[in-house]
Structure formats: C-alpha cells, structure tokens
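In: give me a model of this one.
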Amino acid sequence: MNLSIVVVGLSVTSSWGNGHATTYRALIEALARRGHKVTFLERDTAWYREHRDLTKPLSWTVELYQSLKDVPRRFGKLVKDADLIIIGSYVPDGIAISEWITSQARGLTAFYDIDTPVTLARLDQGLDYLSAAMIPRFDLYLSFAGGPVPEMIEQRYGSPMARVLYCSADTYTYAPQQAQTKWALGYLGTYSEDRQPILDQLMLSPARTLPSEQFAVAGAQFPEGIQWPENVLRIEHLAPKQHPMFYAEQRFTLNATRADMRVLGFSPSVRLFEAAACGTPVISDRWPGIETIFEPSREILLASTPRDVIEILRDMPEERRRAIAENARRRVLSVHTSEHRARQLEAYYAEAAARRHRKSAPRQANRPVQVAEL
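Out: Numbering: from 1, shown residues only. You can find the predicted model right below:
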C-alpha cells in the first residue's frame, strides 16, 4: 500500500519555537521510508523563514505558499488526487483550508491535532485553525491525547473516527551519544507562560538549593524578566541535530507539561520520547495517564516538589540512574518510534477507507447500471 499523502502543517522547515517540526519530520521520514509519497504544504511566514533548519528533504517534498488564495490555485490537483490529506493544528487560515480540502478531496481527509488539550479547552470559545462544525467533516481525527480523549471527540463533537497518534522519536536522529556530563539537570522546550511555574518549581528552585551543581535551559521565546540562578545556563535555541548531544551532557532531563495537557492528561510531549531515545533519564511533573506511557520509578521519575528533584539529583545511585534510562529507551524502541507511528497511520487509513466503503456500498448497489459501464 503506497499512498500519496498531502500534509498541511504549521511549519516543518523551522523548529525555532515550534515543537511541531520534529513531530512532522519524524512521521514523514518514516512514511517515506515505507514507500509513501508525501508532500508538506507550509505557509511561508517571516518568523519561520528567518529560522529555518530544514531546507530540502531527500525523500519527500516541501512546498511553500504565500497566502490562502495560493492553496487552491497551486495545489488543487495535488489535493484532489491524494489518497490522504492531513491538516494540522495551528495552520494559518486553517478553517478555510479545511473547508476547501473536505469539499474537494476525493481521498480520505484527516485533522492531526498536535495540540489536542489546548484545542478542546478553547474550541467552544473559537479558534483560528478549527471549528466544532468542521470535525464531523473529516474522515479521521488524529489526536495528540490518548486515553478516553478520542472517544470523547467522537461522542461530543461527532467525529466519525477519532484515534490517538502520539508524537514519537526518530531514532535515526535521537540516539545515545558519547559526551562528558556538564549538567545535573537540563530542560529543552519553548517558553510557555502556563509551563513556567513547573520549570520554576522543578528546575530553578533546585538550582538555587544546589549551587555547586550546574543546570541548563534551552529554548526560544523566554522573556527577559526571568531571574535565572547563576548556575543555570541559558541557551536560546538548539536545532534538532544538536538535541542528542545536549541530552547526553545531562545526568537527568526535565519534562514540564502545559496546564491544559496536565488537566486533560494522556498527552506526552515529543521531548519525553526523544530524551528517552537518547538514553537520558527523565524527571517529569505528574499528570493523568503518564503511567500508560512510561512506568513510574522504573522508566521515568515523577516529581511534585523541589525536594523531590533535589533528592533525585543528590541521592540516586548511578547504577539506578542508568537502569531507568535504559528501561525508558527500550520502551521507546518497542512502541514509540516514528516507524510505529507510520504503521499506526497506515492502519487508521485502512480502517477509515473500509468505513467509507461500507457507507457508500448500499448506494452503489442500488445505483442503476449504465449501458456505457457494461
């Protein structure tokens, strides 16, 4: 089954302040390796243009467009002929593009919500990239959040088929590296106001208590007003190819979860999978469903207070630290690689296609046969 797939997403060419980029790249690379033809359509915006760290992929295609009117003019035939068209969250003019795609596409259509908790928390108040009325028009809703969330999307918003499609680790990029340890604890992620309290509590407070240890925070868009302890190194941005070495230079890495994702639960960050694939043990805040992703105390360490983090950094034996890292890496390799996600997407496509066929079969069976068809 070699499919023609079109993805309309926020940005795949720039990872600056954009966690979608590595998620898209990992999934698309895996799909391309499996023989699918993938084209990614991206609005050419100044912010991402100035910070691009992907130019021309070898096995798939990126097409940049300037405005909404360019989409039907340049990509009308591509969309009509594709087997599967996916539009992601936060796409500029996403509602208008979704209306056009679902009215023009002959193949299956899907919405890939990499921000499901944020979407569901704000959908009824109005979003620029998705409306509640659009959800039933997609053949498939791919949710960043698992657990009970896909069923809720079907029941509350009328999706004909909602399925979980977590982020993943591209193990061709994210793998253990040989490096000297520089930091007791590191963090990689774009600034978010609702995530900053977790970072303050589980990173900056322990850093102040342990002045002899070194810490690092890498990520864009942090405001100037944050008071960083002297033993916390600030790195403005790291391109994905630099992530594995950054993880290798940490004894532990921190996962800090956004508020909507903590409330809804079952919403693992891509950084969880990438750090674990690199063999770095993760300390995470707590949220519902995390135990369905990694086993606490065996594959991941959970913390609620600065004291929890301090005790881990100060008291954990090296043998146990390495065992937790190895257990998490094995879990990623067994169920959370980009190859697994590509296979999931293929299975969802087959399921949705069979569902569409069943719905259309009675009408086709009762349709009068034309002489020209005989």
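In: any idea of the pLDDT on Ser360?
Out: Per-residue confidence at Ser360 stands at 84 (pLDDT).
In: name the helices or strands packed onto the strand or helix carrying it?
Out: When elements are assigned from DSSP states H and E, Ser360 belongs to helix 338-366. On a contact count with 3 or more Cβ pairs under 8 Å, 6 or more residues apart in numbering; DSSP states H and E, helix 338-366 meets helix 20-33, strand 108-113, strand 140-143. In this view, the C-beta of every residue, glycine as well, is placed from N, C-alpha and C.
In: mind checking how far the longest one is from the chain centre?
Out: The gap between the average C-alpha position of helix 20-33 and the chain average comes to 10 Å, counting by Cα atoms, centre = their mean, to the nearest Å.
In: and if you look at the second one?
Out: Offset of strand 108-113 from its chain centre (Cα atoms, centre = their mean): 14 Å.
In: what angle do the helix holding Ser360 and strand 108-113 make?
Out: Counting by axes from the mean of the first three to the mean of the last three Cα atoms, to 10 degrees, helix 338-366 lies at 140 degrees to strand 108-113.
In: helices of this structure, start to end?
Out: Assigned by DSSP state H, the helices in the chain fall at 20-33, 46-49, 70-81, 94-104, 116-122, 149-157, 196-199, 205-209, 243-248, 259-264, 270-277, 306-315, 318-335, 338-366.
In: pull out the buried positions in the fifth one.
Out: By neighbour count, and taking 16 or more other Cβ atoms under 10 Å as the criterion, the buried residues in helix 116-122 are 116-120.
In: and for the longest one?
Out: Across helix 338-366, burial judged by 16+ other Cβ under 10 Å covers 338-342, 344-346, 348-349, 352-353.
In: out of those residues, which is nearest to Ser360?
Out: Ala353 (10.7 Å; Cβ to Cβ).
In: please report how far that closest one lies from Glu346.
Out: 11 Å (Cβ to Cβ, to the nearest Å).
In: OK, contacts around Leu108?
Out: Neighbouring residues of Leu108 by Cβ atoms under 8 Å, 6 or more residues apart in numbering: 83-85, 139-140, 349, 352-353, 356.
In: would you format those as CSV with distance to Asn18 and pLDDT included?
Out: Below are those laid out as CSV (distance: Cβ to Cβ, whole Å; pLDDT from 0 to 100):
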residue, distance to Asn18, pLDDT
Asp83, 27, 98
Leu84, 23, 98
Ile85, 21, 98
Asp139, 27, 98
Leu140, 24, 98
Tyr349, 26, 98
Ala352, 28, 98
Ala353, 31, 98
Arg356, 33, 94
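In: okay if I get these as CSV plus distance to Val149?
Out: Formatted as CSV, those follow (distance: Cβ to Cβ, whole Å):
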residue, distance to Val149
Asp83, 26
Leu84, 22
Ile85, 23
Asp139, 18
Leu140, 15
Tyr349, 20
Ala352, 18
Ala353, 23
Arg356, 23
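In: ok, those vs Trp47, which is closest?
Out: So of the contacts of Leu108, ranked by how close each gets to Trp47 (Cβ to Cβ), first place is Ile85, at 25.2 Å.
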